[in-house]
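S.K.: Got a predicted model here, sequence first, then my questions.
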Amino acid sequence: MPIIAVVATLSAALGGRGPAPAKPRLVVMITVDQLRPDYLTRWRTQLTGGFRLLQAGAVFTNASQDHGVTETAPGHATLLSGRWPAHTGIITNAVGVIDSSTTLLVTGNPGASPRRFRGTALFDWLHATSAASRALSVSRKDRGAILPIGSARQEVYWYDAGLFTTSTFYRDSLPPWVRAFNALRIPFKAAGHEYRLLLPDSAYAEPDSVPWESGGHGVSFPHYLPTDSARAALVYPGVSSMDSLTLAFALSGADAMRLGRGDVTDLLAVSLSTTDAIGHTFGPDSREIHDQVLRLDRYLAWFLDRLFDRYGRDKLLIVLTADHGVTPYPDFSRLHGHPQAQFVNIDTLVSAVNQQLDHVTGSPAPRDWFVFDPGILFLRDNGRLAALGYRTDSIVDVVARRIRAVAGVARVDTPAAIAAADTVADPIARRWLHHLSPDAGAAVVVTLAEWNAWGWPSGIQIAEHGQPSDLDARVPLILWGTGLRGGVYGTRVNTVDIAPTLARVLGLSPLSVVDGRVLSEAIDVRWLVDVK
Ligand SMILES: [Zn+2]
């Protein structure tokens with residue numbers, strides 16, 4: 001081929017000829033709380049709905065929430081910020097979005113806000129280039145709704161006691177469309193509802209009646225909502241219909257706000273929490289989680305079909321991922337090749353250390369010198385101990401040694417040791433490095449041996465996540481829609497790559513230094529060159 005023809009062909013391929021690609025009108029961020037990537041392959045033949053539809057997109061088979069405490073708040077904060085918890089400041093659920101200076105509209109319960117979230121997120125970058133862009137973010141959980149859009153004061157709603165509401169950080173009153181949706185009282189009307197399997201019994205390989213599930217009560221199908229309507233609304237977050245309600249609410253808001261109908265790109269973020277609720281109660285190997293994932297697949301098909309109808313496929317950019325995975329019940333793991341699997345609890349140890357410190361310092365009242373938030377031991381009174389003449393380093397050494405001796409603990413590291421570790425050879429250190437900011441106040445970080453889980457002091461044990469293990473950190477990641485190249489990508493990627501990749505497709509410049517990279521292998525080459 002003559003050189004001029006090669007250049008012309010290349011130029012056409014790169015978008016130099018023909019219409020420049022149009023930007024999507026609506027970015028849809030779908031987060032499934034506690035969705036492990038192996039669910040999508042384990043039940044692949046039965047997933048005929050939304051999960052199958054999205055398989056036509058760019059499917060990343062080795063994606064992680066690559067940080068230390070794989071909980072909901074830190075996970076959601078990485079998604080559209082492109083930054084690790086060390087940089088978003090959201091390092092645990094306990095110090096996530098709860099904000100006592102706010103209350104919830106209508107219910108008057110304690111509120112939440114993005115007060116602790118640092119830096120900017122994708123919506124801020126979008127808004128900086130098109131002031132008319134708007135965002136709607138919804139979830140059953142406060143943290144699932146708030147954190148994907150960072151600090152922006154947009155339309156952000158979550159579920160409380162039977163209705164969708166928001167905190168006084170965002171609004172003074174609910175808009176008419178939210179009031180109208182709440183007036184349907186769907187969770188109240190579901191009182192007494194019976195949940196049977198979606199498919200015939202034979203479609204489920206998992207045993208139904210398993211003694212360690214759900215505290216040993218109500219372990220088999222059918223499951224029921226309470227007959228009292230207020231009670232039904234309270235426990236509604238634990239049943240599959242909560243996800244369909246959240247999707248219907250999101251769609252209703254998108255319609256009312258006319259999201260994506262103008263000349264600019266808008267953002268719709270939906271976080272679906274029931275997979276987490278059922279995963280905790282019944283575990284990732286239960287018949288209940290299998291059924292939940294099948295139902296969610298059908299709900300997503302319903303939701304996506306309606307988006308396609310309203311916007312057309314070429315106007316949508318859809319992301320599907322999760323905030324974390326989950327570790328099986330240790331009871332299950334012990335029977336499946338991991339005889340050492342157990343729940344681990346160091347609360348008594350930490351209390352004993354605090355009492356000892358009360359004693360030696362002559363503290364007039366009991367103090368929480370150390371606070372343990374599973375995975376991270378915080379030293380709250382570092383300054384006071386130092387002022388009293390104690391060397392906190394040696395105290396931390398002693399406590400670390402005691403924790404290391406607890407059965408089931410794999411390692412205890414100081415932030416200094418993590419900072420000095422080889423993060424290529426040591427993925428656990430890498431995940432902790434991504435988690436801790438210098439001002440986090442962590443004395444040490446504690447990692448359990450894989451297949452173990454942090455137990456609750458109450459004695460009621462549930463399947464857990466929160467570790468820097470592959471079980472808890474690995475998540476599905478699918479990018480679908482305009483500007484993307486479908487295919488299966490096996491390279492190791494992270495959820496912090498989502499925001500810079502979307503920014504590239506949308507032609508935006510991140511306003512914060514991002515930790516992720518542009519997943520350019522999955523971007524249509526015309527978008528890499530020329531976006532109008
Ligand atoms: Zn959870």
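M.R.: On my side now, so go ahead.
S.K.: In the stretch 51-200 of the chain, where is pLDDT below threshold?
M.R.: The stretch 51-200 of the chain contains no residues with pLDDT under 70.
S.K.: quick one: the strands in it?
M.R.: Counting by DSSP state E, counting those that start in this stretch, the segments of the stretch 51-200 of the chain that form strands are 58-64, 98-103, 110-112, 135-139, 155-160, 163-165, 194-195.
S.K.: Any chance of JSON lines for the ones you listed, columns distance to residue 420?
M.R.: Yep, even glycine has a C-beta here, placed from its N, CA and C like the rest. Formatted as JSON lines, the strands of the stretch 51-200 of the chain follow (distance: least, CB to CB, whole Å):
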{"stretch": "strand 58-64", "distance to residue 420": "23"}
{"stretch": "strand 98-103", "distance to residue 420": "34"}
{"stretch": "strand 110-112", "distance to residue 420": "36"}
{"stretch": "strand 135-139", "distance to residue 420": "38"}
{"stretch": "strand 155-160", "distance to residue 420": "40"}
{"stretch": "strand 163-165", "distance to residue 420": "46"}
{"stretch": "strand 194-195", "distance to residue 420": "51"}
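S.K.: right, so of those strands, which gets closest to residue 339?
M.R.: strand 58-64 (27.2 Å; CB to CB).
S.K.: list the buried ones in that closest one?
M.R.: 58, 59, 60, 61, 63, 64 (16 or more other CB atoms under 10 Å).
S.K.: of these, closest to residue 393?
M.R.: Using CB to CB, residue 64 is the member of those that sits closest to residue 393, with 32.4 Å.
S.K.: The strands of the stretch 51-200 of the chain: which one's closest to residue 383?
M.R.: Closest among the strands of the stretch 51-200 of the chain, using CB to CB: strand 98-103, at 23.6 Å.
S.K.: for this structure, longest helix please?
M.R.: For the chain, the longest helix by residue count, based on DSSP state H, is helix 287-311.
S.K.: what's the pLDDT at residue 17?
M.R.: Residue 17 is assigned 43 on the pLDDT scale.
S.K.: let me redo that: residue 7
M.R.: Predicted confidence (pLDDT) for residue 7: 41.
S.K.: Ok, residue 11 next?
M.R.: Per-residue pLDDT puts residue 11 at 42.
S.K.: Then residue 28?
M.R.: On the pLDDT scale, residue 28 gets 98.
S.K.: Show me the beta-bridge partners of it.
M.R.: Assessed by DSSP bridges, residue 28 has beta-bridge partners residue 268, residue 318.
S.K.: shouldn't it be in contact with residue 316?
M.R.: Yes: between residue 28 and residue 316 there is a contact under CB atoms under 8 Å: 6.3 Å.
S.K.: Look at the two and report which has more neighbours.
M.R.: Using other CB atoms under 10 Å, the more surrounded residue of residue 28 and residue 316 is residue 28, with 25 against 21.
S.K.: Just the helices from the stretch 51-200 of the chain, written as ranges.
M.R.: Per DSSP state H, counting those that start in this stretch, the stretch 51-200 of the chain carries helices over the ranges 72-79, 85-88, 122-129, 142-146, 176-183, 186-189.
S.K.: looking at these, which is closest to residue 488?
M.R.: Closest approach to residue 488 among these (CB to CB): helix 72-79, 21.4 Å.
S.K.: Mind listing what's buried along the closest one?
M.R.: Within helix 72-79, judged by 16+ other CB under 10 Å, the buried ones are 72, 73, 74, 75, 76, 77, 78, 79.
S.K.: Could you do stretch 252-261 as well?
M.R.: Neighbour-count burial for stretch 252-261 flags 252, 253, 254, 256, 257, 259, 260 (criterion: 16+ other CB under 10 Å).
S.K.: Just send those residues back as TSV, with pLDDT, secondary structure and distance to residue 493 too.
M.R.: Formatted as TSV, the buried residues of stretch 252-261 follow (pLDDT from 0 to 100; DSSP: H, G, I helix; E, B strand; the rest coil; distance: CB to CB, whole Å):
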residue	pLDDT	secondary structure	distance to residue 493
252	98	helix	33
253	98	helix	30
254	98	helix	28
256	98	helix	35
257	98	helix	32
259	98	coil	28
260	97	coil	27
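S.K.: farthest pair in those residues?
M.R.: Using CB to CB, those span at most 14.3 Å, a distance reached by 252 and 260.
S.K.: which non-adjacent residue is nearest residue 463?
M.R.: Distances taken as CB to CB, 6 or more residues apart in numbering place residue 283 nearest to residue 463, at 4.0 Å, with adjacent residues excluded.
S.K.: Pull the contacting residues for the most centrally placed residue in the chain.
M.R.: Closest to where the C-alpha atoms of the chain average out (CA atoms, centre = their mean) is residue 323, at 2.2 Å. Residue 323 is in contact with 31, 33-34, 65, 70-72, 75-76, 79, 144, 271, 475, counting by CB atoms under 8 Å, 6 or more residues apart in numbering.
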